[in-house]
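Peer 1: fold the following, please.
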Amino acid sequence: MSSKIYVGNLSFNILEETLSDVFAKFGAVASCRIITDRDTGRSKGFGFVEMSSASEAEKAIRELDGQEVEGRNLKVNEAKPQEKRNRW
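Peer 2: Next up is the predicted model:
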């Protein structure tokens, strides 16, 4: 299993530091990024967390999927590779 995790249904006000702290309870967080709209800079409501090991990532997914953080129930699962998109 990859150590990169998709995190959806995030509060639009959550900070990367807060999200990182939530995942740090399950192991070392290598990186944390909340995806933002390029025009407005506002959160799109999802992000990615990379854990140092696959076993830590698996535990975080099991424990955090469906858990409430800042008033929203998180959707947490293994990140899928980004699909190639045609640019016009």
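
Peer 1: could you pull out the strands for this structure?
Peer 2: Along the chain, the segments classed as strands by DSSP state E run 4-8, 29-36, 43-51, 68-69, 72-73, 75-78.

Peer 1: tell me which of the ones you listed lies nearest to V22.
Peer 2: In terms of CB to CB, the element of those nearest to V22 is strand 68-69, at 5.8 Å. Every residue, glycine included, has its C-beta placed from N, CA and C.

Peer 1: which residues are contacting the closest one?
Peer 2: By CB atoms under 8 Å, 6 or more residues apart in numbering, the surrounding residues in contact with strand 68-69 are 10-11, 14, 19, 22, 74.

Peer 1: one step back: out of the strands of the chain, deepest packed?
Peer 2: Highest mean neighbour count of those: strand 4-8, a mean of 20 (counted as mean count of other CB atoms under 10 Å).

Peer 1: which regions of this protein lie under the pLDDT threshold?
Peer 2: Residue ranges of the chain with pLDDT under 70: 1-2, 88.

Peer 1: try it again at 90.
Peer 2: Along the chain, the model assigns pLDDT under 90 to residues 1-2, 80-88.

Peer 1: for this structure, longest helix please?
Peer 2: helix 54-64 (DSSP state H).

Peer 1: any idea how far that helix is from the chain center?
Peer 2: Relative to the mean C-alpha coordinate of its chain, helix 54-64 is positioned 12 Å out (CA atoms, centre = their mean, to the nearest Å).

Peer 1: buried sites along it?
Peer 2: Across helix 54-64, burial judged by 16 or more other CB atoms under 10 Å covers 56-58, 60-61, 64.

Peer 1: tell me who's in contact with the nearest residue to K44 once chain neighbours are set aside.
Peer 2: Among residues not flanking K44 along the chain, I35 sits closest, at 4.8 Å (CB to CB, 6 or more residues apart in numbering). By CB under 8 Å, 6+ apart, the contact set of I35 is 43-44, 46-48.

Peer 1: good, wrapping up.
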